[in-house]
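> What follows is a predicted structure for the sequence shown.
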Amino acid sequence: MMSSTARVGLSAALIVIYGFFVIIFGFYISTIAYLIAHSWTLGQRNWLLLILVPLAICLVLYLLVEYFLGISLPRGVFFRF
C-alpha cells in the first residue's frame with residue numbers, strides 16, 4: 001500500500017510527465033496513458049475500467065471540443081499530418 005505522501009508525489013510527477021507527453025504524442029494518447037497511470041496510482045485495479053473510462057473520456061472530449069466546437073487539440077510531433 002502506498003502512503004498518501006507517495007501518492008501525492010507520484011501524482012505530481014505524472015502531471016509533469018503528461019505535459020511533456022502531450023507535446024510529443026498528442027493529447028489523446030497522452031491523456032489515455034495519464035488517466036490509466038493516475039487511476040492505477042489511486043488504487044484502481046480493474047483492467048476493464050482502466051481501459052474503458054479513459055477511452056470514453058477522450059471520445060467525449062473529442063466530440064465536444066473538436067467536432068462540435070471545431071477546436072483542434074494538440075496532435076503531437078509524430079502525428080502532424
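Everything's here; your move.
> quick one, what contacts residue 76?
Contact criterion CB atoms under 8 Å, 6 or more residues apart in numbering gives 22-27, 29-30 as the residues in contact with residue 76. C-beta: built from backbone N, CA, C; applies to glycine.
> Between these, which sits nearest residue 55?
Closest approach to residue 55 among the contacts of residue 76 (CB to CB): residue 29, at 11.4 Å.
> Spell out which residues sit in contact with that closest one, please.
Under the contact definition (CB under 8 Å, 6+ apart), the residues listed for residue 29 are 21, 76.
> Run a quick neighbour tally on residue 31.
Residue 31 is flanked by 19 other residues according to other CB atoms under 10 Å.
> Not counting residues beside it along the chain, what's closest to it?
Leaving out its chain neighbours, the residue that sits closest to residue 31 by CB to CB, 6 or more residues apart in numbering is residue 58, at 5.7 Å.
> Could you give the average pLDDT over stretch 16-26?
On average, the pLDDT along stretch 16-26 is 96.
> Now do it: distance to the chain's middle.
Here the centre of stretch 16-26 is set off from its chain's centre by 9 Å, with CA atoms, centre = their mean, to the nearest Å.
> any weak-confidence spans in this protein?
Applying pLDDT under 70 to the chain picks out residues 80-81.
> all strands of it, in order?
Counting by DSSP state E, no segments of the chain form strands.
> Might you report the residue contacts of the most centrally placed residue in it?
For the chain, the residue nearest the mean C-alpha position is residue 31 (2.0 Å; CA atoms, centre = their mean). The contact partners of residue 31, by CB under 8 Å, 6+ apart, come to 18, 22, 54, 57-58, 61.
> Fine, thanks again, bye for now.
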